[in-house]
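# Return a 3D structure for these sequence lines:
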Amino acid sequence: MTPMYFGRSEAPLYGVYDAPIGADRNHGVVLCYPFGQEYMRAHRAYRQIATQLTRDGFHVLRFDYRGSGDSSGDMAGVRAEHWLQDIDDAIQELRDTAGIGRISVLGLRLGALLAAIACGHRRDIDRLILWDPVTSGQQYEAELLAEIAAEVPNEYGAPPGNSLRPDGGIDYNGFSMPAGFRESMGTLDILHMVPMTIPRVFHVFSHETEHFQRLREAWSRHPAYRYQYTDAPHDWNSVDNFGGILVPPSVIQTIVFWMEDISVH
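This next block holds a predicted model:
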């Protein structure tokens, strides 16, 4: 495991590179995090995915978007296009660091939306893996606002900690989404695109939703789009699911097995 800073001098990104332990497949995987509390809770799952992939001979890079985690800056002034640029930079960094030709990209929730948009028109991505993807920025915003609207004061009469701020920003589970970032995310949508330039696409989902069904219908035109249901906890913001969701072994194994199977072709 090699911590590093990389990317543009005005906005260096923090990442962790894991070299293969098994026979080198000359194949790298970039892991794209979700946002907010989901980012925090995805860390152990991503570490497990990285560990298992490196044992199978893959190079892996996990990284923090600008304004998040250990990367530079804060969320003020950050827009969705900056995070899309960060994914491009992470892909190039893994290619340069490992000296490899084949790159796949995996994203969870909002990270899956960003990964699909960033990779959708590239011609140098081997595989795209979407784990319980957010299908649009508007869908994600609607989820957060519905959760905020449903909150009630606690037993001591204190108001909920989550809110829609007067300036248009959203505070949710200890993280802030500035109004500008929220507005830019609202333009992202993968229901009206099919990533035909990516040879293989895998959509793993742990629960059924109308959004996932619509994505399957839209992306079924892709000749190598595959989707698979794998039962696992999926409410990444729920304290009740905190223990089980940190490392959902069924989903992790499904992703790793799929990568093992197709990487030989």
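# Quick check: residue 211 vs residue 217, distance?
11 Å (Cβ to Cβ, to the nearest Å). (Each C-beta comes from the backbone N, C-alpha and C, glycine too.)
# ugh, wrong one, residue 256
Residue 256 sits 27 Å away from residue 217, going by Cβ to Cβ.
# neighbour count winner among these two?
Comparing residue 256 with residue 217 by other Cβ atoms under 10 Å, the one with more neighbours is residue 256, at 18 against 10.
# Pretty sure that one sits against residue 51.
No: taking contacts as Cβ atoms under 8 Å, residue 256 lies outside contact range of residue 51: 9.7 Å.
# And the residue most central in space within the chain, how far from residue 217?
With distances taken as Cα atoms, centre = their mean, residue 111 lies nearest the centre of the chain, 2.2 Å away. Residue 111 sits 23 Å away from residue 217, going by Cβ to Cβ.
# Repeat that for residue 2.
With distances taken as Cβ to Cβ, residue 2 is found 42 Å from residue 217.
# After the helix or strand of the chain with the lowest mean pLDDT, which helix or strand is next?
Least confident helix or strand of the chain, by mean pLDDT, DSSP states H and E, is helix 242-245 with a mean of 51. Helices and strands here follow DSSP states H and E; after helix 242-245, the next one along the chain is helix 249-262.
# contacts for that following helix?
Defining contact as Cβ atoms under 8 Å, 6 or more residues apart in numbering, one finds that helix 249-262 is touched by 29, 45, 48-49, 52-53, 56, 58, 104, 106, 127, 129, 131, 200, 202, 204, 206, 226, 228, 230-232.
# Do you have the helices of the chain handy? List them.
Along the chain, the stretches classed as helices by DSSP state H are 37-55, 80-98, 110-119, 137-150, 179-185, 210-219, 242-245, 249-262.
# Just the C-alphas of stretch 166-176, formatted as PDB.
This file holds the C-alpha atoms of stretch 166-176, laid out as PDB (Å, rounded to 0.1, in the frame of the first residue of the first chain):
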ATOM      1  CA  PRO A 166     -31.200  29.300   3.000                       C
ATOM      2  CA  ASP A 167     -28.300  29.600   0.400                       C
ATOM      3  CA  GLY A 168     -29.400  26.400  -1.300                       C
ATOM      4  CA  GLY A 169     -26.800  24.100   0.200                       C
ATOM      5  CA  ILE A 170     -27.700  20.900   1.900                       C
ATOM      6  CA  ASP A 171     -26.400  19.700   5.300                       C
ATOM      7  CA  TYR A 172     -26.800  15.900   5.700                       C
ATOM      8  CA  ASN A 173     -25.200  13.500   8.200                       C
ATOM      9  CA  GLY A 174     -22.400  15.900   9.100                       C
ATOM     10  CA  PHE A 175     -21.500  16.800   5.500                       C
ATOM     11  CA  SER A 176     -22.300  19.900   3.500                       C
END
